[in-house]
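Engineer: below are the sequence and a predicted model for it; my questions follow.
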Amino acid sequence: MQTNVIKITLLATSIALLGGCATVTPEQLAEVRSIATSAAGDANQAMGMANNALQVANEANITAIEAQKTSELALDCCNQNSQKLDRMFQKAMMK
């Protein structure tokens with residue numbers, strides 16, 4: 001993503017320079033460079049935020065998997081207890 005922003009910025013700069021090469025002042029060129037540098041900085045910041053979001057999402061996924069395993073163990077325990085109670089009730093009814 002960052003490279004695409006940089007490529008587009010450089011392409012736009014090149015086209016602007018080629019289109020009006022004779023009329024470009026050093027101030028205008030400096031402004032274009034400033035905009036390109038700013039765009040690259042924004043792209044770097046966005047990439048960092050995206051990487052951070054991916055890391056947080058991966059951690060949340062791991063936590064969700066652990067929670068799923070814990071809930072399955074709890075459900076299994078609950079089912080075993082229910083079966084024990086049913087057997088105890090049946091024994092009590094037979095007496």
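Structural biologist: Thanks, I have the structure now.
Engineer: sketch out the low-pLDDT regions of the chain for me.
Structural biologist: 1-2, 5, 16-22 (pLDDT under 70).
Engineer: longest helix in it, by residue count?
Structural biologist: Secondary structure assigned by DSSP state H gives helix 26-94 as the longest helix of the chain.
Engineer: same for it, what does it pack against?
Structural biologist: Packing partners of helix 26-94 (3 or more C-beta pairs under 8 Å, 6 or more residues apart in numbering; DSSP states H and E): helix 2-19. Every C-beta, even on glycine, is put in place using the N, C-alpha and C of the backbone.
Engineer: residues in contact with the nearest residue to residue 35 once chain neighbours are set aside?
Structural biologist: Nearest non-adjacent residue to residue 35, counting by C-beta to C-beta, 6 or more residues apart in numbering: residue 9, 7.4 Å away. Remark: with contacts taken as C-beta atoms under 8 Å, 6 or more residues apart in numbering, residue 9 is in contact with 35, 36, 39, 40.
Engineer: any of those buried? List them.
Structural biologist: 36, 39, 40 (16 or more other C-beta atoms under 10 Å).
Engineer: which residue lies nearest the spatial centre of this structure?
Structural biologist: residue 54 (3.0 Å; C-alpha atoms, centre = their mean).
Engineer: what is the end-to-end distance of stretch 12-28?
Structural biologist: From its first residue to its last, stretch 12-28 covers 14 Å (C-alpha to C-alpha, to the nearest Å).
Engineer: ok, and the closest non-adjacent residue to residue 10?
Structural biologist: Here the residue nearest residue 10, using C-beta to C-beta, 6+ apart, is residue 36, at 6.9 Å.
Engineer: these two touch, right, that neighbour and residue 13?
Structural biologist: Yes: assessed by C-beta atoms under 8 Å, residue 36 is found in contact with residue 13 at 6.0 Å.
Engineer: distance of residue 46 relative to residue 59?
Structural biologist: From residue 46 across to residue 59, the span is 21 Å (C-beta to C-beta, to the nearest Å).
Engineer: which one of those two has more residues nearby?
Structural biologist: residue 46 (13 against 10; other C-beta atoms under 10 Å).
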